[in-house]
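**Q** Provide a 3D model corresponding to the input given below.
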Amino acid sequence: MNKYRTLQAFISISLIGGSCFSALADTSVEARTAQARSAAPANVSNNATIVIDGKTIVEGSNGWVCMPDLMPGDDAPVCIDATWQEMLAAVNEKAPFAATNIGISYMLQGEPEGSGVSNSDPHHPNPTKAHDYVETGPHLMIIVPKAALEGINDDPTKGGPYVMWKDTDYAHLMVPVN
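**A** Residues are numbered from 1 along each chain as shown. Just a heads-up that it's a prediction; the model follows:
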């Protein structure tokens with residue numbers, strides 16, 4: 001079984017909803033691959049598996065997966081490690097998830113306008129209308145065991161790192177880098 005099968009199913013379905021768009025003028029495989037790789041430093045993305053529209057385009061060698069869209073058509077490139085792959089699959093399946101180790105995700109291009117999420121509800125039916133809608137510029141997302149997030153701010157407007165999806169199994173640290 002392809003180890004990216006669950007991940008591919010995840011990105012083939014719009015988890016969060018809202019409007020999907022594609023601002024990328026060049027939709028060629030080469031341009032989409034470059035967009036996927038732009039999410040992380042070259043020492044991560046150059047050897048990563050590239051998945052576009054649920055299909056593995058490049059088989060990588062370092063355990064990372066980079067995609068030109070976190071959600072279908074959102075133009076928010078992301079590179080994720082194995083822990084993030086597991087967590088995103090759990091989010092998609094609305095399944096329990098408990099971090100047992102650290103997981104890292106790069107989104108160095110940030111989220112384009114209109115592609116953010118509810119800061120509290122990963123399954124909000126219309127995140128752009130959520131009272132806590134947030135778009136984050138360039139950032140890292142870090143999964144740690146939930147107890148390690150205690151005492152960390154969950155308000156993205158206060159500046160600095162904050163906890164997203166705090167009261168869910170999918171809580172993680174958002175670290176703006178711009």
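**Q** Identify each of the helices in the protein and give its residue range.
**A** In the chain, the segments counted as helices under DSSP state H are 5-12, 29-37, 42-45, 82-93.
**Q** what's the longest one packed up against?
**A** Contacting helix 82-93 under the criterion 3 or more Cβ pairs under 8 Å, 6 or more residues apart in numbering; DSSP states H and E are the following elements: helix 5-12, strand 103-107, strand 139-143. In this view, the C-beta of every residue, glycine as well, is placed from N, C-alpha and C.
**Q** so how far is that helix from its chain's centroid?
**A** Computed by Cα atoms, centre = their mean, to the nearest Å, the separation of helix 82-93 from the middle of its chain amounts to 10 Å.
**Q** same question, stretch 40-56
**A** 13 Å.
**Q** Span of it from start to end?
**A** Its first and final residues considered, stretch 40-56 spans 18 Å by Cα to Cα, to the nearest Å.
**Q** thinking again about what came up before, please identify the most buried of the helices of the chain.
**A** Counting by mean count of other Cβ atoms under 10 Å, helix 82-93 has the highest mean neighbour count of the helices of the chain, with a mean of 19.
**Q** okay, that one in PDB with CA atoms only?
**A** The C-alpha coordinates for helix 82-93 follow below in PDB (Å, rounded to 0.1, in the frame of the first residue of the first chain):
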ATOM      1  CA  ALA A  82       5.400  12.100   8.900                       C
ATOM      2  CA  THR A  83       3.800  13.300  12.100                       C
ATOM      3  CA  TRP A  84       1.900  16.000  10.200                       C
ATOM      4  CA  GLN A  85       0.900  13.400   7.600                       C
ATOM      5  CA  GLU A  86      -0.700  11.300  10.400                       C
ATOM      6  CA  MET A  87      -2.400  14.300  12.000                       C
ATOM      7  CA  LEU A  88      -3.900  15.600   8.700                       C
ATOM      8  CA  ALA A  89      -5.200  12.200   8.000                       C
ATOM      9  CA  ALA A  90      -6.900  12.100  11.500                       C
ATOM     10  CA  VAL A  91      -8.300  15.600  10.900                       C
ATOM     11  CA  ASN A  92      -9.800  14.500   7.500                       C
ATOM     12  CA  GLU A  93     -11.300  11.400   9.100                       C
END
